[in-house]
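**Student:** predicted model, plus sequence, below.
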Amino acid sequence: MVEHIEGLYGRASRIWVMDRGMAGEDNVEFLREGGRRYIVGRQRTHCASSNGELLSEDWRLVHCRAGSAITAAPAARKVFILCRSAERRAKEQAMHERFEKRIERRPSERLQTSA
(Lines give C-alpha, C1' and ligand atoms only; values in the text may rest on other atoms or scores of the structure.)
Protein backbone atom coordinates (compact mmCIF):
# COMPACT_ATOMS: atom_id res chain seq x y z
CA MET A 1 0.00 0.00 0.00
CA VAL A 2 2.78 2.43 0.95
CA GLU A 3 4.72 1.74 -2.25
CA HIS A 4 1.52 2.09 -4.31
CA ILE A 5 0.67 5.50 -2.81
CA GLU A 6 4.27 6.68 -3.19
CA GLY A 7 4.23 5.46 -6.81
CA LEU A 8 1.13 7.51 -7.54
CA TYR A 9 1.96 10.67 -5.60
CA GLY A 10 5.70 10.55 -4.94
CA ARG A 11 7.51 10.37 -1.65
CA ALA A 12 6.15 13.48 -0.03
CA SER A 13 6.85 14.42 3.54
CA ARG A 14 3.87 12.46 4.84
CA ILE A 15 3.25 10.64 8.08
CA TRP A 16 1.92 7.09 7.79
CA VAL A 17 -0.65 6.12 10.41
CA MET A 18 -1.39 2.47 11.24
CA ASP A 19 -3.74 0.96 13.74
CA ARG A 20 -2.92 -2.11 15.80
CA GLY A 21 -4.20 -4.43 13.07
CA MET A 22 -1.63 -3.22 10.53
CA ALA A 23 1.22 -2.45 12.89
CA GLY A 24 3.05 -5.76 12.63
CA GLU A 25 6.81 -5.75 13.07
CA ASP A 26 7.37 -6.31 9.33
CA ASN A 27 5.31 -3.24 8.42
CA VAL A 28 6.94 -1.04 11.05
CA GLU A 29 10.42 -2.20 10.01
CA PHE A 30 9.55 -1.43 6.36
CA LEU A 31 8.63 2.14 7.29
CA ARG A 32 11.68 2.54 9.55
CA GLU A 33 14.15 1.22 6.97
CA GLY A 34 12.75 3.55 4.33
CA GLY A 35 13.22 6.56 6.56
CA ARG A 36 9.50 7.15 6.60
CA ARG A 37 7.73 8.92 9.47
CA TYR A 38 4.88 7.04 11.08
CA ILE A 39 2.44 6.80 13.96
CA VAL A 40 1.60 3.30 15.13
CA GLY A 41 -1.10 2.24 17.57
CA ARG A 42 0.18 -0.40 19.97
CA GLN A 43 -1.26 -2.36 22.85
CA ARG A 44 0.44 -1.83 26.17
CA THR A 45 1.58 -5.45 26.25
CA HIS A 46 3.44 -4.95 22.97
CA CYS A 47 5.45 -2.07 24.44
CA ALA A 48 7.41 -4.26 26.87
CA SER A 49 10.59 -3.85 24.83
CA SER A 50 10.34 -0.08 25.29
CA ASN A 51 9.52 -0.32 28.97
CA GLY A 52 12.55 1.75 30.02
CA GLU A 53 11.47 4.66 27.87
CA LEU A 54 7.87 4.30 28.96
CA LEU A 55 8.86 4.50 32.63
CA SER A 56 10.53 7.84 32.01
CA GLU A 57 9.40 10.65 34.27
CA ASP A 58 9.74 13.08 31.39
CA TRP A 59 6.10 12.80 30.27
CA ARG A 60 4.44 16.05 29.27
CA LEU A 61 0.65 16.40 29.45
CA VAL A 62 -0.66 17.43 26.04
CA HIS A 63 -4.42 17.14 26.38
CA CYS A 64 -5.93 17.13 29.82
CA ARG A 65 -9.46 15.93 28.98
CA ALA A 66 -8.39 12.84 27.04
CA GLY A 67 -5.55 12.03 29.42
CA SER A 68 -2.85 12.19 26.75
CA ALA A 69 0.85 12.60 27.46
CA ILE A 70 4.01 12.56 25.37
CA THR A 71 7.66 11.69 25.97
CA ALA A 72 10.69 11.19 23.76
CA ALA A 73 13.23 8.39 23.58
CA PRO A 74 16.06 10.13 21.68
CA ALA A 75 18.36 7.09 21.68
CA ALA A 76 15.71 5.02 19.90
CA ARG A 77 14.58 7.97 17.75
CA LYS A 78 11.03 7.46 19.01
CA VAL A 79 8.33 9.58 20.53
CA PHE A 80 5.69 7.88 22.63
CA ILE A 81 2.16 9.24 22.95
CA LEU A 82 0.09 7.74 25.73
CA CYS A 83 -3.67 8.15 25.40
CA ARG A 84 -6.09 7.14 28.09
CA SER A 85 -9.82 7.59 28.12
CA ALA A 86 -12.39 7.32 30.87
CA GLU A 87 -14.42 4.97 28.65
CA ARG A 88 -11.51 2.58 28.20
CA ARG A 89 -10.71 2.69 31.90
CA ALA A 90 -14.35 1.84 32.72
CA LYS A 91 -14.34 -1.05 30.22
CA GLU A 92 -11.13 -2.50 31.67
CA GLN A 93 -12.49 -2.15 35.21
CA ALA A 94 -15.70 -4.01 34.24
CA MET A 95 -13.65 -6.79 32.62
CA HIS A 96 -11.52 -7.07 35.75
CA GLU A 97 -14.60 -7.24 37.99
CA ARG A 98 -16.19 -9.98 35.84
CA PHE A 99 -12.95 -11.96 36.00
CA GLU A 100 -12.79 -11.57 39.79
CA LYS A 101 -16.37 -12.82 40.16
CA ARG A 102 -15.60 -15.92 38.10
CA ILE A 103 -12.55 -16.67 40.21
CA GLU A 104 -14.50 -16.21 43.45
CA ARG A 105 -17.17 -18.75 42.48
CA ARG A 106 -16.88 -22.17 44.02
CA PRO A 107 -15.46 -24.84 41.66
CA SER A 108 -18.82 -26.66 41.47
CA GLU A 109 -20.55 -23.46 40.24
CA ARG A 110 -17.89 -22.96 37.58
CA LEU A 111 -18.42 -26.50 36.29
CA GLN A 112 -22.21 -26.00 36.06
CA THR A 113 -21.95 -22.72 34.12
CA SER A 114 -19.35 -24.02 31.67
CA ALA A 115 -21.30 -27.17 30.70
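**Tutor:** Nice, thanks for sending it over.
**Student:** which stretches of this structure form strands?
**Tutor:** 15-18, 37-40, 60-63, 68-73, 78-83 (DSSP state E).
**Student:** contacts only, for residue 36.
**Tutor:** Listed by Cβ atoms under 8 Å, 6 or more residues apart in numbering, the contact set of residue 36 reads 2, 16. C-beta: built from backbone N, CA, C; applies to glycine.
**Student:** gap between it and residue 10?
**Tutor:** Using Cβ to Cβ, to the nearest Å, we find residue 36 at a distance of 13 Å from residue 10.
**Student:** ok, residue 3 to residue 27 distance?
**Tutor:** 12 Å.
**Student:** give me the more crowded residue out of these two.
**Tutor:** The residue with more neighbours, out of residue 3 and residue 27, is residue 27; 16 against 9, by other Cβ atoms under 10 Å.
**Student:** I'd like the average pLDDT over stretch 102-110.
**Tutor:** What stretch 102-110 shows for mean pLDDT is 70.
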